[in-house]
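Chemist: Structure of the sequence below:
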Amino acid sequence: MIAKDILRRKGNEIYSVPPDETVYNAISKMADLNIGALLVMENDRLIGIISERDYRNKVILKGRASKTTLVKEIMVGEVVCVQANDKVRLCMQLMSDNKFRHLPVLDNDKVVGVISIGDVVKSIIDKQKVEISSLRKYIASGGAYPS
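Modeler: Coordinates of the predicted model:
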């Protein structure tokens, strides 16, 4: 399974904010959409990502005001991305090693979607369910592969 397979199932809606947006508006948008991160885009170009964790660590815990702090002041500017044809295993490894939960997916340097750790885990579980079902059918058939 590859990254674009996950996007094909979940959809490839891209939620973003511009860098000059207030953190308050970005967090409000995340709450409205029930998501944990937004891409920061400028002229259709990915320049960063902002997450709930950034808000907690860089605004609340620093005593800053979300209505006057701009997204560009707290966003992560060096965004780890994957290509649409990268394997799900690589996506999970990147998320685990770097301790983030959202991963933009690129195709020819264009953002085509975002996958979350939940999306990756679900895809792995779904694949395992299919494999288990196939093994059960194989065992039930006495070792002959069903047609």
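Chemist: just the strands in the protein please.
Modeler: Taking DSSP state E as the criterion, the chain carries its strands at 16-17, 37-42, 45-51, 82-83, 102-107, 110-116.
Chemist: From the rest of the structure, what touches the fifth one?
Modeler: I take that to be strand 102-107. 3-4, 7, 12, 36-37, 39, 46, 49, 51, 79-84, 91, 94-95, 111-117 (C-beta atoms under 8 Å, 6 or more residues apart in numbering). Every C-beta, even on glycine, is put in place using the N, C-alpha and C of the backbone.
Chemist: Quick check: which ranges of the chain have low pLDDT?
Modeler: Scanning the chain with the threshold set as pLDDT under 70 gives 143-147.
Chemist: a markdown table for the strands of the chain, including distance to residue 73?
Modeler: Converted to a markdown table, these look like this (distance: least, C-beta to C-beta, whole Å):
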| stretch | distance to residue 73 |
| --- | --- |
| strand 16-17 | 13 |
| strand 37-42 | 11 |
| strand 45-51 | 10 |
| strand 82-83 | 27 |
| strand 102-107 | 19 |
| strand 110-116 | 22 |
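Chemist: how about these in JSON lines, adding mean neighbour count?
Modeler: Below are the strands of the chain laid out as JSON lines (neighbours: other C-beta atoms under 10 Å):
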{"stretch": "strand 16-17", "mean neighbour count": "22"}
{"stretch": "strand 37-42", "mean neighbour count": "20"}
{"stretch": "strand 45-51", "mean neighbour count": "20"}
{"stretch": "strand 82-83", "mean neighbour count": "18"}
{"stretch": "strand 102-107", "mean neighbour count": "21"}
{"stretch": "strand 110-116", "mean neighbour count": "19"}
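Chemist: For residue 131, find the nearest of the ones you listed.
Modeler: strand 110-116 (21.2 Å; C-beta to C-beta).
Chemist: Any chance you could list what contacts the closest one?
Modeler: 3-4, 6-7, 10-15, 36-37, 39, 41, 44, 46, 81-82, 84, 91, 101-106.
Chemist: Stretch 22-33 now?
Modeler: 15, 17, 36-38, 50, 52, 55, 59, 66-71, 73-74.
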